[in-house]
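In: Mind folding the following:
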Amino acid sequence: NCVAEDGALCVVQSDFIICSQAQKPCINIWRWGKVQAQFQCHIQEIVTSLAIDSSGTYLVSGTKRGWLYCWELSTGELINSLQAHFKSVTRVAVTKCGNYCVSVSEDGNGRVFELCKIVDSSSSSSSASYYR
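Out: Numbers count the residues shown, from 1 in each chain. Reported below is the predicted structural model:
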């Protein structure tokens, strides 16, 4: 199921639907009008929230363990991961300008990260800058 409380759901520029599964560490990608998923990505942990930047270049996910993962959509490559919170991420979003990624955790803490620091694969999880 792809409803808000059972997983995470995104639409990419009206071409694709991206959905996580509530009970499995998996992300499915469908093309509009197709019955079967075009891609299925097995990941390390259960995704609780998904966001895509306004250009449709990057997919950012938040997880039950408080991590953020970032993929480049054109290649499917996992670019970076970082521990953003100590509790489950309840919401992740990319600002309309595409400069920032905002995440909120189960304990109510929110963080704002510079998206360029998240997508910089040479950046380790400890060096991604954020604002409180």
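In: and the next element down the chain from the one helix or strand residue 80 maps to?
Out: Using DSSP states H and E, residue 80 sits within strand 77-83. Scanning forward in sequence from strand 77-83 by DSSP H and E, the next helix or strand is strand 89-94.
In: Pull the distance from that following strand to the chain's centre.
Out: Offset of strand 89-94 from its chain centre (Cα atoms, centre = their mean, to the nearest Å): 8 Å.
In: That one: partners in the sheet, and parallel or antiparallel?
Out: Strands that pair with strand 89-94, judged by DSSP bridges, come out as strand 100-105 (antiparallel).
In: coming back round to it: who does the strand holding residue 80 pair up with?
Out: Here strand 77-83 has these sheet partners by DSSP bridges: strand 67-72 (antiparallel).
In: shaky segments in this protein?
Out: 1-14, 121-132 (pLDDT under 70).
In: Now do the strands in it.
Out: In the chain, the segments counted as strands under DSSP state E are 9-12, 16-20, 26-31, 39-42, 47-52, 58-63, 67-72, 77-83, 89-94, 100-105, 110-114, 130-131.
In: Now render those strands as TSV, adding mean neighbour count and distance to residue 120.
Out: Yep, even glycine has a C-beta here, placed from its N, CA and C like the rest. Converted to TSV, the strands of the chain look like this (neighbours: other Cβ atoms under 10 Å; distance: least, Cβ to Cβ, whole Å):
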stretch	mean neighbour count	distance to residue 120
strand 9-12	15	22
strand 16-20	22	23
strand 26-31	18	22
strand 39-42	12	22
strand 47-52	22	18
strand 58-63	26	12
strand 67-72	21	10
strand 77-83	16	7
strand 89-94	20	15
strand 100-105	21	13
strand 110-114	17	9
strand 130-131	13	14
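In: residues in contact with the most centrally placed residue in the chain?
Out: Geometric centre of the chain, nearest residue: residue 61, 1.7 Å, by Cα atoms, centre = their mean. Shown in contact with residue 61 (Cβ atoms under 8 Å, 6 or more residues apart in numbering): 8, 20, 27, 43, 47, 49-51, 68-71, 92.
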